[in-house]
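> Please work out how this folds:
(chains A and B, ligands or ions: 2)
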Amino acid sequence: MAFWIASSPHNHIQNKTSALMRLVIYATLPGIFAQWYFFGWGNLVHISLAIISALVAEFFILSLREKKIPEQIFDGSAILTAILLGISLPALAPWWISILGAAFAIIIVKQLYGGLGHNPFNPAMAGYVMLLISFPVQMTSWQPPLQLLAIDLTFFDTLSVIFTSFTTDGYSMEQIKTHIDGYTMATPLDTVKTNLTLGLTIAESMDSTVIGENFGIGWEWINAGFLAGGLFLIFKKAIDWVTPFSFLFSLFVFSFIAFTFSPDSNASTMFHWFNGACMLGAFFILTDPVSGATSTKGRMIFGALAALLVFLIRKYGGYPEAMAFAVLLCNMSAPLIDQYTRPRTYGHKKEQNAEDNTNA
Amino acid sequence: MESIINRIDKNQFWKFHGGIHPPEQKFITENKPIRTLPLPKELILPLQQHIGQAGDLLVSVGDTVLKGQPLTSSAHPMAVPIHAPTSGKITAIKDSTIAHPSALKEPCLFIEPDGNDTWVKRNICNDYTKQSDSDLLQKISDAGISGMGGAGFPTYVKANTSAKIEFLIINAAECEPYITADDLLMKEHSPTIVDGINILHQIIKPENVLIGIEDNKPAAIKALQNATKNLDHIRVCIIPTKYPSGGEKQLIQILTGKEIPSGAIPSSQGIVMQNTATCFAIADAVINDIPLIRRVTTVTGLGLNKPQNVWALLGTPVNFLLEQCELHPHDKQRIIMGGPMMGFTLPSGNVPVVKITNCVLAPSAKEISDESTEVECIRCGQCADVCPAQLLPQELQWSAKAKDHQQLETLNLFDCIECGACAYVCPSHIPLVHYYRIGKAEIREHKQQEIKADKAKIRFEARKLRLERDKKAREEKQRKAAEARKAKMNSGTVEANNEMSAVAAALARVKAKKAQTSDTTSQDSTTEAAAKPKNPQIAAAIARAKAKKLANQVTDNSDITAEVDKTVEAKVENETPTENTADDKKSKVAAAIAKAKAKKLAKEQADEKTDVQNEITEETAVNDVSEADSKKAKIAATIAKAKAKKLAKEQVDEKTDDQNEIKEETTVNDVSEADSKKAKIAATIAKAKAKKLAKEQVDEKTDDQNEIIEETSVNDVSEADSKKAKIAATIAKAKAKKLAKEQEAEKSDNSQPDVEDTKAAEKKKRIAEAVAKAKAKKQQRLELN
Ligand code: SF4
Ligand code: SF4
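Ligands and ions are numbered 1, 2, ... in the order given. Okay, the predicted model is just below:
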């Protein structure tokens, strides 16, 4: 009888790219939950909108490119991109922000470069940066944590704000952001930055209401959530530990050095760790394999570079949140990093390999 | 060195990069003893069982062979013999599918067992320690032992190393999932294996013997430890289970921390590695004189009801093994020879077990699923993490898909051991190894083509050189031939004359004078010619006669040849233009004339009835002329006629002359046909020459001759209507006189003025015209008076 012919190896781990993506999606849940808990429904609405937009865009492009639609559309990568974008957006940003951002991320950043595996930039972050640059007002209108709001923000209020810019009771975004005491609230990172320009010390900024007892009401928990999710992924070997470790360690080192030199003008290490998109970036965005470095050494460099950029942009940049920019800049340098961190092949001499690298 | 041993003694080992932990699945067979199978109905023995060479057949179809009888032999170092696994009859020797990933067909011996299993005579060796190294090596070689784990490299070649060996490593890792053949062999035959190790030790004399065994085989470890209890130089190294620790390079790295440089062999680093099964075979061969005719093969997989390790005779068809172990096949059943990581699927069950067949795997559909669809690489880098060769599989994969061979080599594709670890972990299910194999094959092919192209280039260049050389040689030959021809011409033979006659004809006029003076033999004919002419055209014929005479002279007087040579070029120049410029009509006429002449000549030469022949030719010529309308044709005809007459007389004398004449005539015709004016001029010149010749020829009767000529010219004048004829006559006369004088004066000086004459022929002719006329009149008067 004739037998089935196949190429070795014949056995295979049951892992699949789609399964990997699903796992990553699950790992975002603790962070998303914290976000919901402290900031309400806004981000969940945006995540949903972004997912719809991303899937439609993916379907559109895949049918244009005549690819295997059902397999690729549900490989999870588009959904993950949409989720990461939805998480990053200001909770009460207008609805078209997430639609536009997700479509841009999928069509321009991912598919125009050749689809999954070929995009040089992280689609979610590229989408985010595009939005930030194009719509700075909407993209910097951060909603303060629910507990600080003067008004009660229900699910329908949130929907209403997102789709009409006003709550069901007619409050505008500006009014929502206004503290009971009459001043406009911003994110902790924003607050610290503004206060520094106003001549306040870090210690004084820490008294700000948005910061609360630790590093920022809500934010610390969101970051903790993503940290937990990230650790779970590392435990499941879904992501490599090197990049997050390198990133967090480097960020710690940079902020620690700065803090020891000038505690008045530099936020603490933990403030950096538990604010903004730090943990999300560390475990979910920098670890995006497609746009990251591949070798262990490369990932070390990649993470450290990202940390340096985050630190510098947070401290000196025009935008308070640095993660997206840092990620894009690192994405750009990833091929170069890969080029120079090729491992030494078994049986080859180091020098020879270095030569190969320069030749290549 | 010492530190390596120290570390090993402390059970500390090095690590190789990457590696994976696929499900081991060894439980399926590891607890069952090795089973001895009944004899199969047929054994198929590929003549070439290993890398290297196939031996020469020692048997033929129909032969009866005994168990253990060698079937092939070869003096080639890479060829080890094969032996009959049992007694029986050779039923066929033909191509059959062998155990190869590409399902190659190679020549195989088919043996039908007789069921008696009769051994050839064996020599049991009780104490191998007394045997010399070369005896042992010979025995290993004669037993057909080649590596039983991997590529099947002839064992004696590996053992016969001249390098200083630090470590003899026995590979008992058996890292591939499912396979338990070595495990079982160690459990059941550890003492024999250790004998084999000792034999190798005796030959190779390593400083240390390390047995590398994965920690997932406790029973085998125990057995080995027992067997080596009293052997201090042998260390059983229990290494952590990780695929592919059984890879040669990986095991070396684990045990010694050394890396084998890319492209080098382990012995260059003082290391020799042998497989446990090979050690067993060595002991069997040396001690019991049992050649390599059987091996332990794991027949496993959940597709079998009775998976078990078996003693499989080499040549046993896989079908038989599957039958014995009760395969219940499913759709898309694959049968894998080797393990699930590196084995290859068999196209059919008719493939025989060979020396390297350690496993036949028949997985159920659940165990090993169909090909899953490949999706895009997400650059997760997991493949690079597990690659024991520290390659970048994802980059290799891109380059392989893009067929970027240069990049593939930069990425050290050829250091890939095809362990399959990368493809195993790839979440995108990319069949990475498959791409590498294709890439490797393409590069090899490409290189071969390059080599071929280089060869072709070399060939082409050689050809070019050769052609150039040939061309030179040819030119040289031609040059030599030309020289030879010249020399021959100069030599004055008949052929030379033939060749030269054209030359001679062209030069005839020039040379005539000189020639005539030196010649006395043709006097008669000239006299006749001179006496006979009745019209001016006849004079032309005389010219030819002169030419012939010249030819004679050439034959006779070799001293003139030098001069002829000098004028060869002139002739060529003269001839070619005539030929080229002649238009069709002319050429037809000429051809006709020539034909006629040729006929004439043929006749003349055949017999000597000259007159008759001449008449015939004359007629022919006349016919030719009547066909031609032009003046020229008439002239030619008359010339021909005249010639014919003249020839009638002349030809009788000499054959060579005739031959010359043909050419001569042609030349004359050409000249006369060139155009009417020229023709006339030529005619007159000819006449003049004829006269001159007449004078010259008659050496001593100068006065008489002159008179004759004078008479002729008078006749010419009176008979010719045209002015030209008169002119011609006068010119002829003038020339005749001049020549007569010149000739008398000096023989040797003549050549130069003559050349000038020809060159300035026309001018002179015209000048001469007036003079000649005057003279003619004067002469006429004188004559009349
Ligand atoms: S098959 Fe080649 S590239 Fe893949 S892991 Fe093995 S050695 Fe590395
Ligand atoms: S394991 Fe597969 S998907 Fe991941 S980098 Fe390697 S080839 Fe790409």
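
> what helix or strand does residue B:310 sit in?
strand B:308-313 (DSSP states H and E).

> Quick one: list the elements packing against that strand.
Applying 3 or more Cβ pairs under 8 Å, 6 or more residues apart in numbering or on different chains; DSSP states H and E, one finds that strand B:308-313 contacts strand B:35-36, strand B:294-300, helix B:318-324. No exception for glycine: its C-beta is placed from N, CA and C like everyone else's.

> Can I get it as CSV, trimmed to CA atoms?
What follows is strand B:308-313, C-alpha atoms only, in CSV (Å, rounded to 0.1, in the frame of the first residue of the first chain):
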residue,chain,number,x,y,z
GLN,B,308,7.8,-3.8,19.9
ASN,B,309,11.5,-3.8,19.3
VAL,B,310,12.5,-6.5,17.0
TRP,B,311,15.6,-8.2,15.7
ALA,B,312,15.2,-7.3,12.1
LEU,B,313,17.4,-9.0,9.5
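
> hmm, back to that, so which of the helices and strands packed on strand B:308-313 is nearest residue A:104?
Closest to residue A:104 of these, according to Cβ to Cβ: strand B:294-300, at 53.8 Å.

> mind checking which helix or strand of chain A has the lowest mean pLDDT?
helix A:350-359 (a mean of 44; mean pLDDT, DSSP states H and E).

> what sits against the closest residue to residue B:304 other than its chain neighbours?
Leaving aside its sequence neighbours, residue B:304 sits nearest to residue B:325 (Cβ to Cβ, 6 or more residues apart in numbering or on different chains; 4.4 Å). Residues counted as contacts of residue B:325 (Cβ atoms under 8 Å, 6 or more residues apart in numbering or on different chains) are B:299, B:304-308, B:310, B:362.

> Can you pick out the most distant pair from those?
B:305 and B:310 (14.1 Å).

> and the two? which has more neighbours close in?
Ranked by neighbour count (other Cβ atoms under 10 Å in any protein chain shown), residue B:305 and residue B:310 place residue B:310 first, with 27 against 9.

> and the chain, what are its domains?
You didn't pick a chain, so chain A it is. A:15-184, A:186-341 (automatic domain parsing).

> right idea, wrong chain: chain B
Domain segmentation of chain B under automatic domain parsing yields B:2-291, B:382-444, B:532-742.

> weakest of these in terms of mean pLDDT?
Mean pLDDT is lowest for domain B:532-742 among the domains of chain B, at a mean of 52.

> Grab the longest helix from chain B for me.
helix B:432-491 (DSSP state H).

> Out of the contacts of residue B:325, flag the one nearest to residue B:448.
Using Cβ to Cβ, those come closest to residue B:448 at residue B:362, 36.6 Å.

> Am I right that residue B:211 sits in a strand?
Yes. According to DSSP: H, G, I helix; E, B strand; the rest coil, residue B:211 belongs to a strand.

> That one touches residue B:172, doesn't it?
Yes. Assessed by Cβ atoms under 8 Å, residue B:211 is found in contact with residue B:172 at 5.5 Å.

> Residues in contact with both of the two, list them for me.
Counting by Cβ under 8 Å, 6+ apart, the shared contacts of residue B:211 and residue B:172 are B:224, B:276.

> Going by neighbour count, list what's buried in stretch B:67-81.
Neighbour counts using 16 or more other Cβ atoms under 10 Å in any protein chain shown place B:67-72, B:79-81 of stretch B:67-81 among the buried residues.

> Okay, and which of these map to strands?
residue B:72 (DSSP state E).

> Export the buried residues of stretch B:67-81 to CSV and append columns for distance to residue B:254.
Output for those, formatted as CSV (distance: Cβ to Cβ, whole Å):
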residue, distance to residue B:254
B:67, 40
B:68, 38
B:69, 41
B:70, 38
B:71, 39
B:72, 37
B:79, 33
B:80, 29
B:81, 35
